[in-house]
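Undergrad: 3D, please:
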Amino acid sequence: MTASLQTRVFYGLKTDIIGNAHYITDAEILYPVGNVLAIHNILQHQQKLIRLPDKYHANVICVSPNKKYVALSEVGDKPTISVYDLNSLKRKKLLGIPFDVPGVTRFTSMGFTFDSKNLVAITGEPDQTMLFYNWEKGKVESTFKLANPQNPLAIAEMLACNPTDAAVVAVGGPYNFKFLTVSETVWRPYGFAKAENLLVCSMTWLDGDRLLVGTEDGRVLYLENGDLKNVYWISDTVSMNLKIREEYVMPTVAASSQTTPDNARDDVAWEQNVRCLIAFPRGFAYAHGAGTVIFFEKEGKHKYTKRNVYVLPERVVKNDDPDLYRINTIDVNPGFDRLIVTAGWSQLYYAALWGPDLQMDPEPQKLMIMGQPLHHGSISGLAMCAWKPVFMTCGELDRSVRLWDFETESLIMLKQYAEDISGIALHPMGLFCLIGFTDKLRFMSILIDDMLPMHEIAIRSCKTVHFSYGGHLFAAVNGNVVQVYTTIGFYNPFILKGHTGRVKALLWSQTDLKILSMGTEGAIYEWDMTTGTRSSEIILKDIILNDIALSLDTSFYYCIAHDDHIREIKENAVIREFRLPGRKMDQMIMGKDDLTLFVSSPGGTIISLKSPLQTPIESLDFHIHNVDITQIALVYNENFLISVAKDGSLCIWKLYYPEGKVMKLSRDLPYTNEVLIGKGDLEEKIHTIRDLTVRMRELETEHAYKLRQIDVQHNDKLRDVHQGYCEAIKELRDKIEKLQEDHVNEINNINVEIVKMKTAHEDAMQQMENNYEVKLITEYDKYQAFEERTNVMRENYEKQLKALEERDAEKLQRTVTKYEALLHEKKVQLEETSDEMTHKERVHEHLMTQIEDDADREILEVRTKYENLLHEERQINLKLKGEAGVMRNKFMASQRDVDDLKRQVNRVQGEFARFHKNIQDLEKQIAELKKEISEREATIQDKEQQIYDMKRTNQELEKYKFVLDYKIQELKNQIEPRNREIQELKENIRDMEAELTSLHKTNVSLELQLHEVREKLHAARQELDRETHRNKRCQQLLRKIRVDILDTAGLIQEPNALKTAVRDLYHKYSADDEFLRSRKADVDAQCEFIKQRDYLERTIASLKKQVFQDTSTGDKDLEKMTEENSMLIVELNALREELKETRKHIFHMESLLGLTRKNVRPAEARKTLDKVYRGYEELQEKYTTQMQEYQQVILALKEDIKQLLSKVPCEETEEGNKSS
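TA: Next up is the predicted model:
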């Protein structure tokens, strides 16, 4: 079963890519690691991966402004751009160069336009071209040649798309800067373009009109609307007011006569560069200096002020390189409150904006690590733990040991050392570890936040060390010797010697009784840990072993070498070899149950193999690293796999079966969370906790006292304020009342005045109407006279206007003719003047072009002259140095060649002897193989003859099969009507069984009624017996009384004796208390019995009524369920019988077809058919007999029911008679 892997988290960062970190949201960050693009959610600790094709080498990453797409450029013979969707994590489009560009292997820069619909990219040297893609359609809409043939050092390394206009792009680089705009697919430069002395290294748009350009010599150029407005020396600039234009001088990079453009960039240190300019609505940021980021805050529309300086925290590595502090990328989150920064370290950093500024805290703020602190450089060691969900890694370059938790995917502890670390091992308990340093191997205890050495062992640079599974022993490699120590007393019980080369790998068996060691010389030894002796060995010559894996029962093990073979070794011999074509293997690990096997291949591939190995090998490839994997390890419960690589990347994988189930061991042990802590530290922490507790109580008391004081003060203030408010409210109420009274009086006065004014107004209106009527009559008469005079004047003026129009028309005609002649003359003069001006402009442009060409030619000749002189001097110097070096190298090479030739002669002589012997052995093998071939040819002829005979037999059998098929079809035609008859009989039996069930129910109910009647009869009989017995006692008492009365009657003549006898008789039968009491008890008992009987009879009657009601409502459902259950049981039994008969029928038919035997004769088939037919008749007779028996049983049951029904009325009649 081949286990599959799924990534849980992948840590790392590729630092050789431009734009290797981008914010997608405020919590999600996109960055490249290994062979994927990771989208990491820092808050939720979740990660999404965009898997890239194998051997994909990206050099530029850019994200669209809407944060929905990301573009990657691939380096290769035919460079391409891949656009991925950040939601679906799939590639949307693959863009290439639509024309042939020999020698171009990469894109130097690219970027999305502001609307995310177009993509602008610049190809690399030698023939740089800007391509404008409509990436959704996958086509190039326009191009522009950026190469400058006059200056081959002018390279376009970056571009910046305008944030408001997709048709405007700024392009820059060393000795190169242009503003470009497009019109109908034609790009034209405009504005400032004097870049001969500029080393542009970054650009950003502040808005649609303003651009900032950073140079390598520490300057920032401000351009607005395509024109250069200002230049700032950024190291001296604290505030930038873009509205104020200052006087500036553009210094030349090649100012001195001894400096040329060829080495101008070398004279400028990268620390002076203004790199990674990025602008956002609240300011802009850039990198200037080693690991330094500077932030300018926007204050108004034109002013920017230096607010914060951020620096990378210092880190210690083996080979300190200043380039590690060169800032690579700066990006801002969508909320504009955080910056993400990357440098030469494999680590993401961030800065929180809008904190204390330089006025409050002049010291630079340190950039903080985002996520987990990661290794820089190769991870050389990996160790797992059994009791805790932790593992340990060590770095080769950063000299650090780190403890990780694979369940929470976080770093627990980081310990930095000043010396190199060779190897590590983690104790199964997780409380101790072994670390190999350059001088000694140290046994260390793992505390809560530190690691302290407990014991030192004199083994220098121990790379391979392992604890046993039980943790009571550990084995360490010292050259070609393996030393075994105890973890309690640290004494050395065994020293395992035998390897001639360095021991490369160690493996403990799961019982800790054996150790497997592998050496570089090709030897694999198995050691017995009870005696310390070697129990088995195997030496594989002419191969270089890489790793081994031991099985659970130690009966076999696998090994991998520098070739593509996996060798299975058992009992000191290679029993099988498995080949993975074209796959070299470096690391190998096998699960505890031998069902999982993983190997790592160069290039970062993990291969999951089905174990135990079989031919052909089943495997699955998982490629996420892009460099060689240094270590792989399985956790104790084998739910996770950890892989680390040379670039410092670390991946935690989840293991799954092919069905999707998580792999588990037979027993699942819980993880422990205990840690070690020193007694002094614990006492100190307890003392600190106590002090802090006391201080906290004091602060609480003080705070409570202050709160009480504040409450008192506030209450006093509140009382005063409340009193003032009450007084103010009272005053305001008085004022309101007074104002209301004044308002009422004023309204009354106004109303009186209004009445007076209305009366006066009406009188004035009446008087005015009278006056205006007289005036209107007068004016109307005047209007009539004026209208008559106006008509006369209109007629006179119309005549005058007509005469004037005729005169004006003649004058206008003469004037138009005159001015048209003048206009024609002026047009002729204007055309002559225009032609003259055009000629003068062409002459002027020609003269200006000649002057510029002459100046450029003179400058180029002077520059070329001095460059040639300098180049010749350099070439002479280099030539002399080269000749000296060549002579020295020739002498050393000749010495080495002599030594090599001597060794080659000896080696060739040995190989000649070995090859000669091999040739003789091979000739013998060839002769034996020829003999074997001749023998096998004879065997093949015999087999062919047997095959021919079998074919003939097969043809005869096919003929016989055709005959049998025809007979079988006839039999089937006979069987089908009989099956129908059987089905009808089955239906009849089901009906009879249903009727029998209903009769059984009726019988049961009758039996219940009969039982009830018998109970009543028994109770009546008991009552009758009691009454009979009582009657007998009464009769006896009466007889005794009669006898005594008769005796007393004999004394009737004797009064005194009679009196005495009567008294005695009375006392004997009537006056006796005991008699009375017994009599009374009898009477009471009889009354109580009668009451109980009446009560029980009423109870029985009510219960019968209730049962009858319940039975009437529930019997229907019960009967229905009973019937359905009976039908289902009957149907199930019928189906079982039918299945049994069908199987029997199938078996008989197979027998008829000859499937049970190879050859069946016709006579035997006929006998079988007769047997089947007889079986069918017997079955029919059996069913007929059963049906007859069932009918007899039904008749007998009916007779019994009739007898019972006839008995029940008779018994009821007898009871009635007895009761009466």
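Undergrad: all helices of this structure, in order?
TA: Assigned by DSSP state H, the chain shows helices spanning 261-267, 679-1049, 1055-1069, 1073-1153, 1162-1219.
Undergrad: quick one: which of those is nearest L94?
TA: Closest to L94 of these is helix 261-267 (Cβ to Cβ; 34.6 Å). Every residue, glycine included, has its C-beta placed from N, CA and C.
Undergrad: buried stuff in stretch 898-917?
TA: Within stretch 898-917, no residue counts as buried by 16 or more other Cβ atoms under 10 Å.
Undergrad: now it, how far from the centre of its chain.
TA: 60 Å (Cα atoms, centre = their mean, to the nearest Å).
Undergrad: also stretch 703-722?
TA: 56 Å.
Undergrad: now do stretch 713-723
TA: Its chain's average C-alpha position is 61 Å from that of stretch 713-723, according to Cα atoms, centre = their mean.
Undergrad: for the record, mean pLDDT for it?
TA: Across stretch 713-723, pLDDT averages out at 87.
Undergrad: same question for stretch 1131-1149.
TA: Across stretch 1131-1149, pLDDT averages out at 73.
Undergrad: with stretch 61-71 instead?
TA: For stretch 61-71, mean pLDDT rounds to 94.
Undergrad: which residues does that stretch contact?
TA: With Cβ atoms under 8 Å, 6 or more residues apart in numbering as the test, stretch 61-71 has contacts from 17-20, 22-25, 30, 32, 37, 50, 72, 81-87, 92, 110-112, 114-116, 119, 135, 163, 334.
Undergrad: rewinding a little: which one of the helices of the chain lies nearest to G289?
TA: Closest to G289 of the helices of the chain, according to Cβ to Cβ: helix 261-267, at 17.6 Å.
Undergrad: buried members of the contacts of stretch 61-71 into PyMOL, please.
TA: In PyMOL syntax, the buried subset of the contacts of stretch 61-71 is picked out as below (16+ other Cβ under 10 Å):
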select buried, resi 17+18+19+20+22+23+24+30+32+37+50+72+81+82+83+84+86+92+110+111+112+114+116+119+135+163
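Undergrad: sort out for me which of the contacts of stretch 61-71 are in strands.
TA: Residues of these located in strands (DSSP state E): 22-23, 30, 32, 37, 50, 72, 81-85, 92, 110-112, 119.
Undergrad: mean pLDDT for the helices of the chain: which is lowest?
TA: Ranked by mean pLDDT, the helices of the chain bottom out at helix 261-267, with a mean of 54.
Undergrad: not counting its neighbours along the chain, what's nearest D1047?
TA: A1061 (7.4 Å; Cβ to Cβ, 6 or more residues apart in numbering).
Undergrad: count of neighbours near that neighbour?
TA: The tally of other residues near A1061 (other Cβ atoms under 10 Å) stands at 19.
Undergrad: now do Q955
TA: For Q955, using other Cβ under 10 Å, the count is 9.
Undergrad: before we move on, back to that, in contact with the residue nearest to D1047, which residues?
TA: Counting by Cβ under 8 Å, 6+ apart, the residues that A1061 touches are D1047, T1048, L1051.
Undergrad: identify, from those residues, the entry nearest to H722.
TA: Each of the contacts of A1061 was checked against H722 using Cβ to Cβ; the closest is T1048, at 118.2 Å.
Undergrad: list the contacts for that closest one?
TA: Residues in contact with T1048 (Cβ under 8 Å, 6+ apart) are L1058, A1061, V1062, L1065.
Undergrad: need the residues you listed in JSON lines with distance to G218, can you?
TA: Shown next, in JSON lines, are the contacts of T1048 (distance: Cβ to Cβ, whole Å):
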{"residue": "L1058", "distance to G218": "165"}
{"residue": "A1061", "distance to G218": "161"}
{"residue": "V1062", "distance to G218": "158"}
{"residue": "L1065", "distance to G218": "155"}
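Undergrad: of these - the most surrounded one?
TA: Result: A1061 is most packed of these (other Cβ under 10 Å), 19 neighbours.
Undergrad: quickly note the distance from it to L1046.
TA: 11 Å (Cβ to Cβ, to the nearest Å).
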